[in-house]
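Asker: Build the 3D model from these lines:
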Amino acid sequence: MDGRPVLVCTEFEDATADLVIAELNRRRVPVLRFDPGRDFPAHVLLAAHLGADGWGGRLTVGDRTADLSAVRALYHRRPSPYPTGSGEQAARFAAQENRRGLGGVLGALPGCLYLSHPQAIARAEYKPAQLSAALRTGLTVPPTLITNDPGEAKAFCAAQPTIYKPLHAGAYEIEGEPAGIWAAPVEAGEIDAAVSRSGHLFQAQVPKVADVRAVVVGEEVFGARITAPPGVVDWRAEYQNLTYERVSCPEEIGGALVRFLATFGLKFGAFDFAVTADGTWWFLECNPNGQWAWLEGAAGLPITLAIADLLENGASQHE
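Answerer: The predicted structure is shown next:
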């Protein structure tokens, strides 16, 4: 593969990554796309050598080969998880070696810009860390309780209108069908001993008039105001009934978002805010690898171009 390639790590079907790859192809930037968790070792050949300047060698996917020392950027989009090796002992051992071998090399490439580094994404997925970082960077955060104590939960819910939301948006099924666990109102009378079975996140319900998703790429901030039907707490449960418009992010908010990403070593973040009638933007959460493609057309946000710019320029322009 001629030139300095961009590695794109994502699952087989990823329309969001497709947009970025098409733009990089238009710019004649070489791209090598693969899914580490599924393609290695059957369809990917790794030969990494450690030298004075760090890791070099080659990564081959099919009939295309990338020079590891020349990778300009790695776009960590939505790769499949590395297999856990749940079978016999030898299979478990091999699965861990694959993850730490290929994953370790990909996370230690010299002169490579990461959008974003997989370890940085993993750190930023913890909501308690997000909420404290948001406060430190100057964002407004609703009162929040994380507990497994039913008494604490009941008292918190009795003190103000409250919502519950999961600490991790993992896979969940109801009667064999995939389902989402959305943020939902909860009252003190609904709290029972089941709270003691796991950690729970309760948060004061903000009397919002709209939501905003702010997508940050490097230091560029793109905002979309999202209006849901009256009474909807979590707009993600009402995609078919939403309206969007492009919105400018207040300067002080934009600066705080860039500082937030720097706290975790991220180059990208999809932030969710609740906006109240007085114009206050209340920080709810940040998805360090969140979706954005549907907003590009709905609100006219040139996010594909911003991501392609970052990947094309690589680390030399941004580190």
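
Asker: all contacts plus neighbour counts: C-alpha atoms, from now on.
Answerer: Will do.

Asker: Now do Arg123 against Asn289, distance only.
Answerer: For Arg123, the distance to Asn289 (CA to CA, to the nearest Å) stands at 12 Å.

Asker: for Ser69, same thing?
Answerer: Distance, Ser69 to Asn289, by CA to CA: 25 Å.

Asker: Please enumerate the strands of the stretch 201-319 of the chain.
Answerer: 208-217, 220-227, 243-247, 268-276, 281-287 (DSSP state E, counting those that start in this stretch).

Asker: Hmm, Gly138 is touching Leu257, no?
Answerer: No. Judged on CA atoms under 8 Å, Gly138 makes no contact with Leu257 at a distance of 9.1 Å.

Asker: Tell me what Asp67 is bridged to.
Answerer: Here Asp67 sits in beta bridges with Arg58, as judged by DSSP bridges.

Asker: higher neighbour count, Arg123 and Asn289?
Answerer: Between Arg123 and Asn289, counted using other CA atoms under 10 Å, the more crowded position is Asn289 (21 against 15).

Asker: In contact with that one: list those residues for me.
Answerer: Contacts for Asn289 (CA atoms under 8 Å, 6 or more residues apart in numbering) come out as 77-78, 116, 121, 268-270.

Asker: Which of those are buried? Put it as a ChimeraX command.
Answerer: A single ChimeraX command selects the buried members of the contacts of Asn289 (16 or more other CA atoms under 10 Å):
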select :77,78,116,121,268,269,270
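
Asker: What are the buried residues along the lengthiest helix in the chain?
Answerer: In the chain, assigned by DSSP state H, the helix with the most residues is helix 89-106. For helix 89-106, the neighbour count (16+ other CA under 10 Å) marks 95, 98-99, 102, 105-106 as buried.

Asker: Tell me how many other residues surround Trp235.
Answerer: For Trp235, the neighbour count with other CA under 10 Å is 18.

Asker: Could I get the contacting residues of the residue nearest to it when sequence neighbours are not counted?
Answerer: Leaving aside its sequence neighbours, Trp235 sits nearest to Ala228 (CA to CA, 6 or more residues apart in numbering; 6.0 Å). Shown in contact with Ala228 (CA under 8 Å, 6+ apart): 210, 235, 238, 241-243.

Asker: could you dump these to JSON lines with distance to Phe202 and pLDDT?
Answerer: Formatted as JSON lines, the contacts of Ala228 follow (distance: CA to CA, whole Å; pLDDT from 0 to 100):
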{"residue": "Ala210", "distance to Phe202": "20", "pLDDT": "92"}
{"residue": "Trp235", "distance to Phe202": "18", "pLDDT": "87"}
{"residue": "Glu238", "distance to Phe202": "22", "pLDDT": "83"}
{"residue": "Asn241", "distance to Phe202": "26", "pLDDT": "89"}
{"residue": "Leu242", "distance to Phe202": "25", "pLDDT": "92"}
{"residue": "Thr243", "distance to Phe202": "28", "pLDDT": "93"}
